[in-house]
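Sequence below, structure please.
(chains A and B)
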There are 2 protein chains.
Amino acid sequence: MSVTAPAGFEASAVAAGIKGSGSLDMALVSVVGGRPVPAAATFTTNRAAAAPVLVSASHIAATGGMASGVLLTSGNANAASGAEGEDHAERLCRQVAEGMGVIAAPGCHPGHHVLICQTGLIGVPFPVEKASSCVADLVKGRAGDAEHAAMAARAIMTTDTVPKEVTVRAGAFTIGGMAKGAAMLAPNMATMLAMLATDADAQPDVLQEILREAVSGTFNAMTVDGCTSTNDTVVLMSSGRASGPAPSADALLAAVREACAVLARKMADDAEGATKTALISVKGALSDEEAARAARKVGESLLVKCSLNGEDPYWGRIASELGTAGVQFDMDRLSIFYGGTEVCKHGVSIPYDTEAVAAHMRNRHIQIDCDLGLGTGAAEILTTDLGYGYIDENRTTS
Amino acid sequence: MSVTAPAGFEASAVAAGIKGSGSLDMALVSVVGGRPVPAAATFTTNRAAAAPVLVSASHIAATGGMASGVLLTSGNANAASGAEGEDHAERLCRQVAEGMGVIAAPGCHPGHHVLICQTGLIGVPFPVEKASSCVADLVKGRAGDAEHAAMAARAIMTTDTVPKEVTVRAGAFTIGGMAKGAAMLAPNMATMLAMLATDADAQPDVLQEILREAVSGTFNAMTVDGCTSTNDTVVLMSSGRASGPAPSADALLAAVREACAVLARKMADDAEGATKTALISVKGALSDEEAARAARKVGESLLVKCSLNGEDPYWGRIASELGTAGVQFDMDRLSIFYGGTEVCKHGVSIPYDTEAVAAHMRNRHIQIDCDLGLGTGAAEILTTDLGYGYIDENRTTS
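Numbering: from 1, shown residues only, chains lettered A, B, ... in the order given. Below you'll find the model as predicted:
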């Protein structure tokens, strides 16, 4: 059921010809009936943000976070497309709103109640006519069953090898979601998109705070190549149609965070060309912020990622990265563990069970723990290895 | 002649068995006669700095920048080696000083006048006995001819395929130097070492300022993988034995900078596994600092480096990196040029001579110019492509 699992949501997908392959490349997720409901979104911090990011952000602002649906397209990012790109995104939003019969809030036009997410090539004009000609079918094709949700999840795939869906049931309410990968991405499609829906009742400002919090510990604690896309977007809509009273903010946050964590893990595990997923955990930092910075420096290190690819527990590289992370660091207090086995203590090599570590390094999932020995700050980051696959995917756009 | 080209310097090299291959792995560059002369050094900013870095920095401080020679070893970085590693480095410096008959300045012991640079595996105990047993031969073998300088340059090589030497003659004085590569390095030997000598007369504080300035525009404006080694060191010694008056600080800086630039370019061109060297130039930034930050973000981007490997002028990735560089950025003002051909103007794609750009991308040396269109800040960075070779070199230490 995924994105349509919570009460009050429908989905549809079509192949508009944006992708050369003829695969599904446009999806719509909307609230049943079309009346705007609370919606929240987080966007890329890239200052070269794409047209759909600028348009969606302005729609959230114009409506105070009230949306009827989200249009998602894949195959062309509509990025580096200038004012024309924004016009194209606006036009599609208006068309969807008109098709759905959205009645606008005072001061808004119907298109303001539709958000748009796009992913694909940067700097190539978006084929707006192809997309536009399919909006009517997309609107007409919506349904609330699992099959339609699955079609929508497939329509946002780029180099993902499997669609990524999640359903979290939390007592009286449900979270459903879908995402496209962020890891070891194709040349052109390095964007992470996630669409979450819930039937829990929540006001737009609460929803926004919950989404921000959930994303920071999940999607934002994942790195593949340190590149922040022009198009990254996560949307959360709330139909409020669950039976019973609205959940507490904490209960809703826990469920949203779980849904995000599941999708983030699915992205890392489906990283094209990647053979390893590693959880880098740093503790003993002066603060959580310093721990997060240190974990990210290790997780983004090409040398560390190459070692993961080679199943080599070369902790010296981890120590070296921690030393350049821009955080308080004392080599004499450093400990490093692979799969729970300590290999470095007080900053120097110690005898350890090499067979246990070698066996751990052969796993798909690797756990690396670093203890800076200075304070109580802790953080984690999810990363992948660097192998031929990443290069094959990214060396040319053709 | 390289490092012995300036008057007053000798060099030697031996195979001490630190490298398993039996190749040359220890070198000594020293001033003729052994009387300490002005010396300056810049070191890695890594907080996990290796024993030789800590020891050399303390020696420079103790003597106020007066050194008789520099010992260089390869095959083991003596990093993450704790207090014992520092003892080993100190012991070798003392042994060299005693062998050379160095007479210490008041308050110093002779070993303080010797600096030490080491490169190789991190976290593996340094075979100090092997090294120690060869110091006498190293001291005895010194000579001022080109052959001995070349042997020293070979003794610091790790995965470099050619030794890197430079000689710059500037009127009455000369700069000579040697370096080991920083680019696409072997699993264990990611350190950049450079040893420069001059016969120009200069006081230690002037020498230090000149070295800092020269390094910042050359070695520090080069990136391969964004990793800062535990052992990076650049040393400059001045014998003062050139005939005629001391050059102006500006004249000396110009010559030192040229020597550093030549060595930096040789490192990038000899990057193992790399097929391209690219100069990323950013102008139109609000300040030189912002330009440098933006150029580094582009130069360190895995996606940009993969595009270089694939000879793909995919400027959208460059725009995306500039947008996340943490500098003032306005997509509508951005221009990007490959080999002088403009491919992006006002942030969007423009028609261009695709054959000219394709031909440029096939070159070994690629030029990418970015104009942010905001101010007068400018900077450059040298980078390499990312291909299979980097992964082959770095996935395992065995």
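
Chain A: helices as residue ranges?
Along chain A, counting by DSSP state H, helices occupy A:51-63, A:82-100, A:128-132, A:135-140, A:146-155, A:204-216, A:249-269, A:288-299, A:302-309, A:315-323, A:354-361, A:388-394.

Which positions in the longest one come out as buried?
Of all the residues in helix A:249-269, those buried under the rule 16 or more other CB atoms under 10 Å in any protein chain shown are A:252-269. C-beta here means a position set from N, CA and C on the backbone, and glycine is covered the same way.

How about the second one?
The neighbour-count criterion (16+ other CB under 10 Å) identifies A:85-86, A:88-100 as the buried residues of helix A:82-100.

Then the last one?
Residues A:389-394 are the ones in helix A:388-394 that count as buried (16+ other CB under 10 Å).

Tell me if the longest strand anywhere in chain A is near chain B.
Secondary structure assigned by DSSP state E gives strand A:69-79 as the longest strand of chain A. Yes: Strand A:69-79 reaches chain B (CB under 8 Å from any CB of the partner chain) through A:77, A:79.

That strand: which residues count as buried?
Buried residues in strand A:69-79, counted by 16+ other CB under 10 Å: A:69-79.

ok, now stretch A:205-214?
Neighbour-count burial for stretch A:205-214 [16+ other CB under 10 Å]: A:206-208, A:210-211, A:214.

just stretch A:33-42 next, same as before
A:34, A:36-42.

got it, and stretch A:45-58?
Under the neighbour-count criterion of 16+ other CB under 10 Å, stretch A:45-58 has A:46-57 buried.

Identify, from the residues you listed, the entry nearest to B:Gly326.
The shortest gap between B:Gly326 and any of these belongs to A:Arg47, at 9.0 Å (CB to CB).

For chain A, name the helix or strand with the lowest mean pLDDT.
The weakest-scoring helix or strand in chain A, judged by mean pLDDT, DSSP states H and E, is helix A:388-394 (a mean of 84).

Spatially, which two of the buried residues of helix A:388-394 are the most separated?
A:Gly389 and A:Asn394 (9.4 Å).

which helices and strands does the least confident helix or strand of chain A pack with?
If you count contacts as 3 or more CB pairs under 8 Å, 6 or more residues apart in numbering or on different chains; DSSP states H and E, helix A:388-394 packs onto helix B:302-309, helix B:388-394.

Generate a markdown table for those, with distance to A:Thr159 as supplementary columns.
Shown next, in a markdown table, are the helices and strands packed on helix A:388-394 (distance: least, CB to CB, whole Å):
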| stretch | distance to A:Thr159 |
| --- | --- |
| helix B:302-309 | 13 |
| helix B:388-394 | 19 |
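
Between these, which one is closest to A:Ala179.
Distance to A:Ala179, taken as CB to CB, is lowest for helix B:302-309 among these, at 20.2 Å.

Wondering if the closest one reaches chain A at all.
Yes: contact of helix B:302-309 with chain A (CB under 8 Å from any CB) involves B:302-303, B:306-307, B:309.

quick one: the residue positioned nearest the centre of chain A from A:Arg362, how far?
Compute the mean C-alpha point of chain A, and by CA atoms, centre = their mean the closest residue is A:Met192, 4.5 Å away. For A:Met192, the distance to A:Arg362 (CB to CB, to the nearest Å) stands at 29 Å.

same thing with A:Ala214?
For A:Ala214, the distance to A:Arg362 (CB to CB) stands at 33 Å.

And stretch A:124-140, what's buried?
A:124-128, A:130-131, A:134-135, A:137-139.

and if you look at stretch A:376-384?
A:377-384.

Out of those residues, name the ones that lie in strands.
Residues of the buried residues of stretch A:376-384 located in strands (DSSP E): A:377-384.

shaky segments in chain A?
Low-confidence segments of chain A (pLDDT under 70): A:1, A:182-190, A:223-227, A:272, A:398.

quick one: stretch A:230-244 near chain B?
Yes: interface with chain B: stretch A:230-244 contributes A:Thr230 (CB under 8 Å from any CB).

could you dump that stretch to CSV, C-alpha only?
Written as CSV, here are the backbone C-alpha positions of stretch A:230-244 (Å, rounded to 0.1, in the frame of the first residue of the first chain):
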residue,chain,number,x,y,z
THR,A,230,19.8,20.6,-7.0
ASN,A,231,16.5,18.8,-6.5
ASP,A,232,16.4,16.9,-3.2
THR,A,233,13.0,17.1,-1.7
VAL,A,234,11.0,15.4,1.0
VAL,A,235,7.3,16.0,1.3
LEU,A,236,4.9,14.9,4.1
MET,A,237,1.1,15.3,3.7
SER,A,238,-1.5,14.7,6.4
SER,A,239,-5.1,13.8,5.5
GLY,A,240,-6.3,13.8,9.1
ARG,A,241,-8.6,10.9,8.3
ALA,A,242,-7.4,8.4,10.8
SER,A,243,-10.1,7.4,13.4
GLY,A,244,-9.6,8.5,16.9
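
Just flag the most distant two among the buried residues of stretch A:376-384.
Of all pairs in these, the most separated under CB to CB is A:Gly377 and A:Thr384 at 24.5 Å.

A:Gly17: how many residues sit nearby?
18 (other CB atoms under 10 Å in any protein chain shown).

Kindly report the same for A:Arg364.
Other residues close to A:Arg364 by other CB under 10 Å number 10.

now the one 3 residues further on
By the criterion of other CB under 10 Å, A:Gln367 has 15 neighbours.

Chain B versus A:Leu138, what's the distance?
Distance, A:Leu138 to chain B, by CB to the nearest CB, to the nearest Å: 27 Å.

ok, now A:Ala251?
In terms of CB to the nearest CB, A:Ala251 sits 35 Å off from chain B.

wait, doesn't A:Ala278 sit right on A:Leu382?
Yes: A:Ala278 is in contact with A:Leu382 according to CB atoms under 8 Å; the separation is 7.4 Å.

Quick check: neighbours shared by those two?
Counting by CB atoms under 8 Å, 6 or more residues apart in numbering or on different chains, the shared contacts of A:Ala278 and A:Leu382 are A:Gly299.

just to revisit the earlier point, rebuild the buried residues of stretch A:205-214 as a markdown table, extending it with distance to chain B.
Converted to a markdown table, the buried residues of stretch A:205-214 look like this (distance: CB to the nearest CB, whole Å):
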| residue | distance to chain B |
| --- | --- |
| A:Val206 | 29 |
| A:Leu207 | 26 |
| A:Gln208 | 23 |
| A:Ile210 | 25 |
| A:Leu211 | 21 |
| A:Ala214 | 22 |
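
Could you pull out the buried residues of stretch A:234-248?
A:234-242, A:246-247.

can you check stretch A:342-351 too?
Buried residues in stretch A:342-351 (16+ other CB under 10 Å): A:342-345, A:347-349.
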